[in-house]
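Visitor: my questions concern the predicted model and sequence given below.
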Amino acid sequence: NARIVLKIMANLRVAVLGGGMWGCVLAQHLAHKSKVRLWEFVPALTASLKKTRRLKHIPGFRLDDSVLVTNDLVEACQDVDLILFVLPSRALAATAKRIRKIKLPKSVIAVNASKGIEPVTLATMGDIIAREIPSLRGKVWTLTGPSFAREVARGVPTGLLLGGPSGPQAKALVSLLDGG
């Protein structure tokens, strides 16, 4: 859909789910190209990120003031164009089930940056997102590759792979995630 692609390229509203190192670094990267809401499950970590905008494990890192940090999943996901999952694999299914209850825009798409597989079913994290949030079926991409949050935060060149449905949305996501 051309309308979605133009929005992705212009003023995208992104929910980044997961306030760990990789989630914060991706939120910071996307803050230069979009409006970002960063959701963190643990209230104490949310409060710390709101107050300091820093991560103790990444010296010199500071989360841009434009990034909204929240512990409220509805606030993070409501009226967004893109949901970026950066959660521990053990928390992804339960979080996706909670998101299923939120009224998401029909045009919302998702990128999974969580690693791992579901132990019993061997489903990938992207498969779990599509299973638990039926409105996202066919609209989930996975970001993967050899990367380390500390290096990306320092601007060290990194090559990642975005896998998922081909087409204009995929090209727009690549452009959005590109650091060049």
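Guide: Everything's here; your move. Numbers count the residues shown, from 1 in each chain.

Visitor: point to the residue nearest the middle of the chain.
Guide: Among the residues of the chain, the one closest to the centroid is residue 84, at 1.9 Å (Cα atoms, centre = their mean).

Visitor: off-centre distance for the helix or strand harbouring that residue?
Guide: Per DSSP states H and E: residue 84 is located in strand 82-85. Between the centre of strand 82-85 and the centre of its host chain there is 4 Å, according to Cα atoms, centre = their mean, to the nearest Å.

Visitor: can you check stretch 119-134 too?
Guide: Distance, centroid of stretch 119-134 to centroid of chain: 16 Å (Cα atoms, centre = their mean).

Visitor: can you check stretch 87-102 too?
Guide: Distance, centroid of stretch 87-102 to centroid of chain: 13 Å (Cα atoms, centre = their mean).

Visitor: hmm, who's touching that stretch?
Guide: 17-18, 20, 23, 41, 73-74, 77-78, 83, 85, 114-118, 125, 128-129, 131-134 (Cβ atoms under 8 Å, 6 or more residues apart in numbering). C-beta: built from backbone N, CA, C; applies to glycine.

Visitor: dump it to PDB, restricted to CA.
Guide: C-alpha atoms of stretch 87-102 as PDB (Å, rounded to 0.1, in the frame of the first residue of the first chain):
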ATOM      1  CA  LEU A  87      11.700  -8.700  24.200                       C
ATOM      2  CA  PRO A  88      13.200 -11.800  25.900                       C
ATOM      3  CA  SER A  89      11.900 -14.800  24.000                       C
ATOM      4  CA  ARG A  90      10.200 -16.100  27.200                       C
ATOM      5  CA  ALA A  91       8.100 -12.900  27.500                       C
ATOM      6  CA  LEU A  92       7.100 -12.500  23.800                       C
ATOM      7  CA  ALA A  93       4.000 -14.700  23.700                       C
ATOM      8  CA  ALA A  94       2.500 -13.300  26.900                       C
ATOM      9  CA  THR A  95       3.200  -9.700  25.700                       C
ATOM     10  CA  ALA A  96       1.700 -10.400  22.300                       C
ATOM     11  CA  LYS A  97      -1.400 -11.900  23.900                       C
ATOM     12  CA  ARG A  98      -1.800  -8.600  25.800                       C
ATOM     13  CA  ILE A  99      -1.400  -6.600  22.600                       C
ATOM     14  CA  ARG A 100      -4.100  -8.600  20.900                       C
ATOM     15  CA  LYS A 101      -6.600  -6.900  23.300                       C
ATOM     16  CA  ILE A 102      -5.500  -3.400  22.200                       C
END
